[in-house]
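1. Just to be clear, the model below is a prediction. Sequence and coordinates:
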Amino acid sequence: MSNDKNRQIEVVSAKEIRESFKRFFESKEHQIVPSAPMVIKDDPTLMFTNAGMNQFKDVILGNRPAKHKRIADSQKCLRVSGKHNDLEEVGHDTYHHTMFEMLGNWSFGDYFKKEAIEWAWEYLVEVLGLDPNRLYATVFEGSPAENLERDNEAAGLWAQFLPATRIINGNRKDNFWEMGDTGPCGPCSEIHIDLRSDAERAVVDGLTLVNRSHPQVIEIWNLVFMQYNRKADGSLEGLPAKVIDTGMGFERLCMAIQGKTSNYDTDVFQPVIKEIARMSGAEYGKDAQKDIAMRVIADHIRTIAFSITDGQLPSNAKAGYVIRRILRRAVRYGYTFLGQKQAFMHKLLPVLIESMGDAYPELAAQQVLIGKVMKEEEETFLRTLETGIRLLDKTMADARAAGKNEIAGEDAFILYDTFGFPLDLTELILRENKMTVNLAAFDAEMQKQKERARNAAAVETGDWVTLKEGNPEFVGYDDVCAEASILRYRRVKQKNKTLYQIVLDRNPFYAESGGQVGDVGWLVAEEGQINVLDTKKENNLPMLITDRLPARPELPVEAKVDVEKRAASAANHSATHLLDAALREVLGTHVEQKGSLVSPDGLRFDFSHYQKMTDEEIRQVEHRVNARIRQNIDRIEYRNIPIAQAKELGAIALFGEKYGDEVRVIQFGPSIEFCGGIHVKATGSIGMMKIVSESSIAAGVRRIEAITGAKVEDMLDTIRDTVADLRSLFNQAPDLEIAVRKHIEENAELKKQVEDFVKEKQTMLKDKLLKNIQEINGIKLIKYQGSMPAEAMKNIAFQLRGEITENLFFVAGTIDASKPLLTVMLSDNLVAGGLNAGQLVRQAAKLIQGGGGGQPHFATAGGKDANNLSAAVDTIIESAKQH
């Protein structure tokens with residue numbers, strides 16, 4: 001190593017590489033910031049952080065000023081859906097991942113292409129010691145259709161370090177980066193490295209393999225030069241403040257530095273892969289299918305663990321469904337190729353934490369919860385796999401019975417869509433049984449589903465119309481009404497409904513975030529009131545959602561929040577804080593918030609706890625909360641205080657949340673929490689809180705739903721009315737409990753008497769039937785027609801079979817609840833002689849417009865037409881005579 005702290009030529013471990021990147025850019029006056037959560041909670045356009053720039057979108061879009069002009073970090077990212085869909089490639093190649101770390105450096109209106117390119121070269125070649133002869137750079141070739149020239153500026157800068165032959169023109173797809181259909185964009189310059197052996201390089205020029213999906217000629221760093229803004233009509237305009245946004249794949253960089261030919265051979269993944277090999281008894285590198293399975297599991301366990309840590313539990317909706325899908329993919333590979341028939345992935349957590357826990361301490365802090373959630377999910381899916389295999393067995397049997405060796409694509413899609421049974425597992429089982437699936441039909445069903453989802457989510461968004469320059473100011477902590485001007489607005493169309501998004505300079509409306517729903521209310525313009533249907537945030541920009549614009553949007557408006565709904569939301573939010581504190585007091589300090597929803601109608605609070613709460617615990621929690629409500633504790637608000645000060649106060653922070661340098665803290669007595677939401681001024685305004693349900697939503701995570709204030713009054717009124725109605729049913733009994741218990745006891749006694757009477761009647765009928773046996777061809781025929789409950793008729797049939805052990809042929813045609821029923825019971829010797837009760841009733845049931853079946857010795861059939869019941873009985877008897 002050199003004496004210069006940034007010249008670390010022999011960096012080996014992943015930990016050292018990560019730290020060397022941060023130190024290098026710290027020396028270039030960059031502020032090093034922590035990774036944002038991988039799960040995104042307050043951005044409707046994204047479920048997961050899929051690039052390092054996500055946490056800075058609001059800065060790039062100009063929605064808030066940059067606190068630091070230069071920033072660098074290592075960001076945990078997840079790419080599985082949408083534009084960056086790498087999931088099906090993961091494990092099959094050496095360099096795609098679901099979760100990955102992205103090393104990045106940013107400039108917001110400070111340096112631009114020159115510094116970005118020169119520092120990238122300095123870090124890769126001079127600090128890390130990569131061979132410059134193995135490096136290539138791509139630049140944007142230009143687009144005549146958009147009147148964009150080649151990025152000659154970037155090409156000229158690269159010419160300081162690379163010969164012209166290794167500066168490659170790239171097309172719009174590869175070398176023009178865009179945030180979305182609209183917004184900031186610009187040319188980019190990718191750095192590629194050739195990791196092949198010298199012998200391979202001598203035979204095939206690496207120049208021909210750049211951007212050709214070669215596993216050893218790969219992109220490691222992308223330098224994005226944001227200098228344009230894409231408008232809704234597709235045209236480009238210059239950005240007032242240019243942005244540098246770079247992203248380097250950490251795992252790929254480790255592969256290059258450690259001299260490996262696969263990301264999975266680096267110390268990022270090898271500890272986990274070795275543990276998988278030990279658990280499964282397989283050796284990595286000996287069997288292609290098993291190697292793929294190990295890579296899939298080693299990749300996916302990182303994604304699942306970090307997602308749960310960031311507060312996203314597996315579920316059947318949105319981000320939760322993505323995590324469940326990833327977990328099930330890993331379990332299925334372990335099940336199919338490594339023989340893991342029991343839950344196993346949760347056992348890999350200690351190795352993962354040992355490998356990544358230093359960089360991400362939240363993993364160790366949440367280890368118990370992660371393990372419990374993963375184990376339950378694994379066990380659930382293993383049961384699903386068993387169900388799917390049974391269904392597939394039946395589908396194959398039906399296909400063979402029809403003389404086919406191919407199952408319908410629609411059937412395979414039902415297995416996939418309804419039961420979560422993967423297509424490739426279906427294909428594997430079919431191959432083992434020398435059968436196939438109609439893939440074209442399966443793909444058609446999949447395309448239909450995608451079209452349905454795409455149409456449901458399709459949104460047409462117009463360009464922002466700017467009326468006035470400035471940044472929005474939220475005044476809703478102090479005011480529910482404000483004189484305001486519209487800064488900008490745009491039209492949004494979804495499902496053939498046109499809405500408008502409006503940004504005010506002085507905004508009293510709280511935008512949905514932190515679990516609290518957005519405010520509703522009105523904008524009062526010169527022509528009257530305009531309904532504010534909701535308030536949302538997009539890239540940290542608060543927007544009012546309305547169904548129309550003011551006639552003259554350039555004029556001031558009066559912004560009025562619906563005070564009644566705001567007050568109800570505030571009461572529920574403050575009650576949530578009191579509930580959190582009470583749960584920690586009653587259940588223990590292991591309780592941590594895992595999610596919440598606060599609306600005018602009630603509150604929902606998810607928290608870590610490993611068993612069902614008892615009725616007494618629920619009552620204790622309620623009593624503690626309501627005691628503090630009655631104390632009318634004043635709210636203490638610490639607004640915009642340094643985060644260090646907030647922590648000194650003992651404020652509770654949430655895992656999976658990213659906080660700024662300054663935060664807001666809300667305190668009600670012993671409850672002290674980081675919170676940006678709306679709250680009551682004193683707890684007395686809540687009125688009362690009542691827990692209405694407590695349930696499990698995942699292993700180790702419980703959910704409480706509760707109501708406050710007027711909703712509790714409504715609930716108490718309903719209970720009082722119900723009690724009054726019950727009392728009237730019991731002649732206004734003064735003690736309703738005693739009256740109900742007496743009624744239950746009397747009813748039980750009467751029921752017993754009825755059962756005894758029915759049994760007596762059954763015995764009498766059985767004895768009568770035994771006296772009326774008809775001998776036909778050696779068969780003892782017993783026939784009965786009349787009204788009789790189905791269960792009673794069954795009991796009689798089995799009693800007869802117990803007394804007549806040979807040659808018994810019993811047939812009954814009965815009416816039960818106005819519906820006809822056929823019953824047939826045969827002795828074993830008649831069954832052995834070829835008679836079958838199931839076949840007999842199935843044929844006769846057609847006469848009563850019904851169907852049925854059963855076992856060879858006993859069967860029943862129900863129907864709709866009682867008029868032909870006698871004919872059906874005679875048909876069965878005729879079959880006996882012919883036997």
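-> Happy to help now that I have it.
2. residues in contact with the most centrally placed residue in the chain?
-> By C-alpha atoms, centre = their mean, the mean C-alpha position of the chain lies nearest to residue 320, the distance being 0.9 Å. Neighbouring residues of residue 320 by C-beta atoms under 8 Å, 6 or more residues apart in numbering: 312-314. Just so you know, the C-beta spots here come from the backbone N, C-alpha and C atoms, and that holds for glycine as well.
3. Dump those residues to TSV, plus neighbour count and secondary structure.
-> Output for the contacts of residue 320, formatted as TSV (neighbours: other C-beta atoms under 10 Å; DSSP: H, G, I helix; E, B strand; the rest coil):
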residue	neighbour count	secondary structure
312	26	coil
313	21	coil
314	25	coil
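4. closest to residue 487 among those?
-> Comparing the contacts of residue 320 against residue 487 with C-beta to C-beta places residue 312 closest, at 33.4 Å.
5. Distance of that closest one relative to residue 327?
-> The spacing between residue 312 and residue 327, counted by C-beta to C-beta, to the nearest Å, is 12 Å.
6. Over to residue 411?
-> Distance check for residue 411 against residue 327: by C-beta to C-beta, it reads 25 Å.
7. Show me what counts as buried in the helix or strand encompassing residue 793.
-> For residue 793, the element it lies in under DSSP states H and E is helix 790-803. Residues of helix 790-803 classed as buried by neighbour count (16 or more other C-beta atoms under 10 Å): 792-797, 799-801.
8. how long is stretch 657-665 end to end?
-> Distance between the two ends of stretch 657-665: 14 Å, counting by C-alpha to C-alpha, to the nearest Å.
9. With stretch 770-785 instead?
-> Per C-alpha to C-alpha, stretch 770-785 runs 15 Å from first to last residue.
10. try stretch 763-778
-> Looking at stretch 763-778, the gap from its leading to its trailing residue is 26 Å under the measure C-alpha to C-alpha.
11. What lies in contact with that stretch?
-> Stretch 763-778 has contacts (C-beta under 8 Å, 6+ apart) with 780-784, 788, 796, 799-800, 803-804, 807, 810, 880-881, 883.
12. starting at the chain centroid, how far to the helix-or-strand element of the chain with minimal mean pLDDT?
-> Of all the helices and strands that make up the chain, the one with the lowest confidence by mean pLDDT, DSSP states H and E is strand 459-461; it has a mean of 80. Distance of strand 459-461 from the chain centroid (C-alpha atoms, centre = their mean, to the nearest Å) equals 24 Å.
13. now do stretch 836-849
-> Its chain's average C-alpha position is 49 Å from that of stretch 836-849, according to C-alpha atoms, centre = their mean.
14. Stretch 707-725 too?
-> Centre to centre, stretch against its chain (C-alpha atoms, centre = their mean), the figure for stretch 707-725 is 35 Å.
15. avg pLDDT for that stretch?
-> Per-residue pLDDT values across stretch 707-725 average out to 94.
16. Sort out which residues of it are buried, please.
-> Under the neighbour-count criterion of 16+ other C-beta under 10 Å, stretch 707-725 has 707-709, 711-712 buried.
17. Can you show me the strands along the stretch 51-200 of the chain?
-> In order along the chain, the stretch 51-200 of the chain carries the following strands (DSSP state E, counting those that start in this stretch): 70-78, 99-108, 135-140, 167-170, 176-178, 183-194.
18. closest to residue 120 out of those?
-> Between residue 120 and these, the tightest spacing by C-beta to C-beta is seen for strand 183-194, at 6.4 Å.
19. Parallel or antiparallel, which strands does that closest one pair with?
-> Each strand that strand 183-194 pairs with, and the sense of that pairing, follows from DSSP bridges: strand 135-140 (antiparallel), strand 176-178 (antiparallel), strand 217-230 (antiparallel).
20. Tell me which of these sits most buried.
-> Per residue and on average, the most neighbours among the strands paired with strand 183-194 fall to strand 135-140, with a mean of 24 (mean count of other C-beta atoms under 10 Å).
21. which helices and strands does the helix or strand containing residue 575 pack with?
-> Counting by DSSP H and E, the secondary-structure element that holds residue 575 is helix 563-587. Counting contacts by 3 or more C-beta pairs under 8 Å, 6 or more residues apart in numbering; DSSP states H and E, helix 563-587 packs against strand 593-599, strand 602-608, helix 615-630, strand 662-668, strand 671-674, strand 689-698, strand 701-708.
22. Any buried residues in that helix, and which?
-> Neighbour counts over helix 563-587 (16+ other C-beta under 10 Å) mark 565-584, 586-587 as buried.
23. can you check stretch 401-417 too?
-> Judged by neighbour count using 16+ other C-beta under 10 Å, the buried positions of stretch 401-417 are 407-409, 411-413, 415-416.
24. Give the rounded mean pLDDT of that stretch.
-> Across stretch 401-417, the average pLDDT comes to 91.
25. contact partners of the helix or strand harbouring residue 645?
-> Residue 645 is part of helix 643-648, with elements assigned from DSSP H and E. The list of residues contacting helix 643-648 from outside it, by C-beta under 8 Å, 6+ apart, reads 638, 653, 659-663, 665, 674.
26. again, only this time at 10 Å
-> For helix 643-648, contacts defined as C-beta atoms under 10 Å, 6 or more residues apart in numbering pick out 638, 641-642, 651-653, 659-665, 672-674.
27. Leaving out the residues flanking it, which one is nearest to residue 544?
-> Closest residue in space to residue 544, ignoring its immediate chain neighbours: residue 502 at 4.5 Å, by C-beta to C-beta, 6 or more residues apart in numbering.
28. Any figure for the gap between the one you found and residue 676?
-> Looking at residue 502 against residue 676, where the rule is C-beta to C-beta, the gap reads 21 Å.
29. These two: which is more packed in?
-> For residue 502 versus residue 676, neighbours defined as other C-beta atoms under 10 Å are more numerous around residue 502 (27 against 17).
30. Doesn't that one lie inside a helix?
-> No: the assignment for residue 502 is strand, going by DSSP: H, G, I helix; E, B strand; the rest coil, so no helix is present there.
31. Show me what it bridges to in the sheet.
-> Applying DSSP bridges to residue 502 gives these bridge partners: residue 489, residue 544.
32. tell me the pLDDT at it?
-> For residue 502, the predicted pLDDT is 97.
33. which ones are touching it?
-> With contacts defined as C-beta under 10 Å, 6+ apart, residue 502 is in contact with 484, 486-490, 509, 523, 530, 532, 535, 542-546, 549-550, 553, 557, 559.
34. again with residue 421
-> With contacts taken as C-beta under 10 Å, 6+ apart, residue 421 has the following neighbours: 328, 332, 384-385, 387-389, 391-392, 412-415, 429.
35. want to throw the residues you listed into JSON lines with secondary structure and distance to residue 863?
-> Putting the contacts of residue 421 into JSON lines (DSSP: H, G, I helix; E, B strand; the rest coil; distance: C-beta to C-beta, whole Å) gives the following:
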{"residue": "328", "secondary structure": "helix", "distance to residue 863": "44"}
{"residue": "332", "secondary structure": "helix", "distance to residue 863": "45"}
{"residue": "384", "secondary structure": "helix", "distance to residue 863": "37"}
{"residue": "385", "secondary structure": "helix", "distance to residue 863": "39"}
{"residue": "387", "secondary structure": "helix", "distance to residue 863": "32"}
{"residue": "388", "secondary structure": "helix", "distance to residue 863": "35"}
{"residue": "389", "secondary structure": "helix", "distance to residue 863": "36"}
{"residue": "391", "secondary structure": "helix", "distance to residue 863": "30"}
{"residue": "392", "secondary structure": "helix", "distance to residue 863": "34"}
{"residue": "412", "secondary structure": "helix", "distance to residue 863": "37"}
{"residue": "413", "secondary structure": "helix", "distance to residue 863": "36"}
{"residue": "414", "secondary structure": "helix", "distance to residue 863": "31"}
{"residue": "415", "secondary structure": "helix", "distance to residue 863": "34"}
{"residue": "429", "secondary structure": "helix", "distance to residue 863": "40"}
